[in-house]
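# Return a 3D structure for these sequence lines:
(2 chains)
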Protein chains: 2
Amino acid sequence: MADKLILDGQVVSNDVKQKLKNRITKLADAGVTPCLATILVGDDPSSETYVRMKGNACEKLGIISKRIHLDKDTTTEQLLETIQSLNEDQAVHGILLQHPVPNQIDERKAFETIAIEKDVDGVTSIGYGQTAFGFGVYPSCTPAAIMQIIDYFDIDIEGKHAVVVGRSPILGKPVSALLLNRNATVTTCHSYTENLNQHLKQADIVVAAVGKPNFIKGSSLKEGAVVLDAGYNKGNIGDVEYESCYEKASAITPVPGGVGPVTISMLLKHTVDAAERTITI
Amino acid sequence: MADKLILDGQVVSNDVKQKLKNRITKLADAGVTPCLATILVGDDPSSETYVRMKGNACEKLGIISKRIHLDKDTTTEQLLETIQSLNEDQAVHGILLQHPVPNQIDERKAFETIAIEKDVDGVTSIGYGQTAFGFGVYPSCTPAAIMQIIDYFDIDIEGKHAVVVGRSPILGKPVSALLLNRNATVTTCHSYTENLNQHLKQADIVVAAVGKPNFIKGSSLKEGAVVLDAGYNKGNIGDVEYESCYEKASAITPVPGGVGPVTISMLLKHTVDAAERTITI
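Here you go, the predicted structure:
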């Protein structure tokens, strides 16, 4: 169909990165190289892969990737000390703590310890509050990626009904807040929602952020809905059943190659933003 | 009708205050008198009335009301200095800056200057972020009052569809967050919402936080909806057209005597909470 739009995240990601190149060159002229510190605790293979992808993406663009790998038996206190030292390290512009951390660690406390000016991954409650109030600078990266895709493809959201499925602190909640601030009417659904299909059936925009493979089917959608799939389940499967949703949607992100690559680009962008702020203050 | 429930805020408010009395006595035994500092800038008559009501409610319960009245020509810097000195004053447990402030003042900056541990009115972005993430201690008072009413009258919200009309930082956004955290499915509507009536028609719970007198009519409601009116417009008129909504609702807050009195009680409760935290840390 001619009017069916595949929201190609690779195209958006390349556009974001292209624009960052000039900014990184200018920073170099000012003697600053942006630096993202990543903290990986333990040896979960997926987490290792994610952190490596992020680090490699940094380096390809000329951003320093400072990779810290802590033992799986790390205590909360040890992790907090690591974060504190990164907070104080002037050469570090952004800090990413890879989720999830081992069970013995108070993950929320660790996230909250990241200094707001280095919270480029958008995990702190203060960062979320500022985002929701419309003056946050680093919303978490997947929600930021979703907004970037919406803007790149010039999707009209003002006054439209967006249904977000999921309410996690780094995905469902902030994407709901960002859509609301852009004048969408936002319904946030979750595991306790009665009649999820009834909500989905009315959505002009669907954001799937639920973490269950192929959870949303085309039969639940309104004809012509815009479908943004923030899920990344094992085997590169999204939260959206692509084939059936493709039939109903007017625009849809694929998995892989949709929200994922843009998420990494937003992390890079936030790191460059943070580096710029250290010289323009 | 026998099954029609008037959600009498005065009853809830009295219950909250009654429970505070013991706690205030215990604090006195420990040598602590809770103290709420209120800051009024300029001489808007409604603001003066609100601040006076709050101060009087404090004093009636044995909470010190430290009333600061600044000139209408106060600058942002002067206001920030006042707030800073209250942040540092160990005898002050809570700080309330009466909204609105005169135009020359950066109100958001002033709110953000209030120390989180004294933000008993729930106006800071960090307080909002903590509330939305489920570990905030002082949600803003009107949303807290709405939840108090829901709990007092044992209204079931889990899985239910709540439609919040309004998205202000101290009302629509935090009440949406609180309802979401209690497992309601939440739709946040506002001035850009298309088909507001269609959303209202599906709501099990309606929160009116729009600031327009008699804005929500009974004809827009689903039979049996729970209606919570957070509006307080001139002449003691709510955002809800009471007579027509009363007919449709299974439960409804009146105006006056609904959310309003509970809001003040929540401010008192938060101030006592804050005083207790100074001795239990």
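
# Nearest residue to the closest residue to chain B within chain A in space, please, no chain neighbours.
At 2.8 Å from chain B, A:Gly129 is the closest residue in chain A, using CB to the nearest CB. For every residue, glycine as well, the C-beta is placed using N, CA and C. Nearest residue to A:Gly129, sequence neighbours excluded (CB to CB, 6 or more residues apart in numbering or on different chains): B:Gly129, at 2.8 Å.

# Check A:Ala37 too.
Distances taken as CB to CB, 6+ apart place A:Lys66 nearest to A:Ala37, at 4.3 Å, with adjacent residues excluded.

# Paired strands for whichever strand or helix holds the one you found, with orientation please.
According to DSSP states H and E, A:Lys66 maps onto strand A:64-70. Strand A:64-70 has the following strand partners under DSSP bridges: strand A:35-41 (parallel).

# who touches the helix or strand following the strand it pairs with?
Counting by DSSP H and E, the next helix or strand C-terminal to strand A:35-41 is helix A:45-61. Residues outside helix A:45-61 that contact it (CB atoms under 8 Å, 6 or more residues apart in numbering or on different chains) are A:17, A:20-21, A:24, A:36, A:38, A:40, A:64-65, A:67, A:96, A:98-100, A:264-265, A:267-268, A:271.

# cool, and stretch A:182-190?
Against stretch A:182-190 from outside (CB under 8 Å, 6+ apart): A:147, A:157-167, A:172-173, A:176, A:179-180, A:196, A:199-200, A:203, A:205, B:176, B:180, B:183, B:185-190, B:192-194, B:199.

# In three-state terms, label A:Thr188 for me.
Following DSSP: H, G, I helix; E, B strand; the rest coil, A:Thr188 is assigned to strand.

# wait, I meant A:Val164
Using three-state DSSP, the structure places A:Val164 in strand.

# residue contacts, it?
A:Val164 neighbours (CB under 8 Å, 6+ apart): A:172, A:175-176, A:179, A:186-189, A:207, A:209.

# mind checking which helix or strand the residue of chain A closest to chain B is in?
In this structure, A:Gly129 sits in helix A:125-132 according to DSSP H and E.

# what about the residue nearest to A:Ala37, neighbour count?
19 (other CB atoms under 10 Å in any protein chain shown).

# Just confirm it contacts A:His93, I think it does.
No: A:Lys66 is beyond contact range of A:His93, at 10.0 Å (criterion: CB atoms under 8 Å).

# Need the residues touching each of these two.
Common contacts of A:Lys66 and A:His93 (CB under 8 Å, 6+ apart): A:35-36.

# Where does pLDDT dip in chain A?
Flagging of chain A using pLDDT under 70 yields the residue ranges A:1-2, A:280-281.

# for chain B, what are the nearby residues on it?
A:108, A:124-130, A:132-133, A:135-136, A:158-161, A:167, A:169, A:173, A:176-177, A:180, A:183-190, A:192-195, A:198-199 (CB under 8 Å from any CB of the partner chain).

# still on that earlier bit, by how many degrees do the strand holding A:Lys66 and helix A:45-61 diverge?
Put simply, strand A:64-70 runs at 160 degrees to helix A:45-61, going by axes from the mean of the first three to the mean of the last three CA atoms, to 10 degrees.

# just how off-centre is strand A:64-70 within its chain?
Chain-centre distance of strand A:64-70: 20 Å, with CA atoms, centre = their mean, to the nearest Å.

# Also stretch A:80-91?
Distance, stretch centre to chain centre, for stretch A:80-91: 23 Å (CA atoms, centre = their mean).

# follow-up on the earlier one: filter the residues of chain A next to chain B down to the buried ones, ChimeraX style.
To isolate the buried ones among those in ChimeraX, judged by 16 or more other CB atoms under 10 Å in any protein chain shown, type:
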select /A:124,125,126,127,128,129,130,132,133,136,160,161,167,169,173,176,177,180,183,184,185,186,187,188,189,190,192,193,199
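
# Report the secondary structure element holding the residue positioned nearest the centre of chain A.
The centroid of chain A falls nearest to A:Thr142 when counting by CA atoms, centre = their mean (1.7 Å). Secondary structure assignment for A:Thr142, by DSSP H and E: helix A:141-152.

# ok, residues contacting that helix?
Residues contacting helix A:141-152 (CB under 8 Å, 6+ apart): A:7, A:9, A:11-12, A:15-16, A:120-122, A:138-139, A:155, A:157, A:170-171, A:174-175, A:177-179, A:182, A:207, A:209, A:228, A:230, A:253, A:258-259, A:262-267, A:269-270.

# now those: which count as buried?
Buried among the contacts of helix A:141-152 by 16+ other CB under 10 Å: A:7, A:9, A:11-12, A:16, A:120-122, A:138-139, A:155, A:157, A:170-171, A:174-175, A:177-179, A:182, A:207, A:209, A:228, A:230, A:253, A:258-259, A:262-267, A:269-270.

# picking up where we left off before, residue contacts, the residue of chain A closest to chain B?
Counted by CB under 8 Å, 6+ apart, A:Gly129 has contacts A:136, B:124-130, B:132.
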